[in-house]
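Asker: sequence? don't have it. structure:
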């Protein structure tokens, strides 16, 4: 059975800027989390079972970016 999963896509730039958004995917299994280190930023795709979990993390990242 397929289920909807929620991904927080986040980018943490060397200058302190943080960008984040939520995307969804319907699939049989929860996708694996990924991380990528770029010369100017670190990027993450973290998957959650519920929208509430994803929105909580998104709010934390946005607050972190606002504090930078």
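Answerer: Now that the structure is in, tell me what you want to look at. Just so we're clear, the structure is a prediction, and the values are computed from it rather than from any experiment. Numbering: from 1, shown residues only.

Asker: contacting residues for the most centrally placed residue in the chain?
Answerer: Nearest to the geometric centre of the chain sits residue 8, at 2.2 Å (C-alpha atoms, centre = their mean). By C-beta atoms under 8 Å, 6 or more residues apart in numbering, the contact set of residue 8 is 20, 21, 22, 44, 45, 46, 48, 54, 57, 58, 61. From N, CA and C alone the C-beta is placed, and that goes for glycine too.

Asker: now the element after the helix or strand containing it, going C-ward?
Answerer: Per DSSP states H and E: residue 8 is located in strand 3-13. Note on strand 3-13: by DSSP H and E, the next helix or strand toward the C-terminus is strand 18-27.

Asker: mind listing the strands that following strand pairs with, and their directions?
Answerer: Applying DSSP bridges, strand 18-27 is found paired with strand 3-13 (antiparallel).

Asker: and the strand it pairs with, average pLDDT?
Answerer: Mean per-residue pLDDT for strand 3-13: 96.
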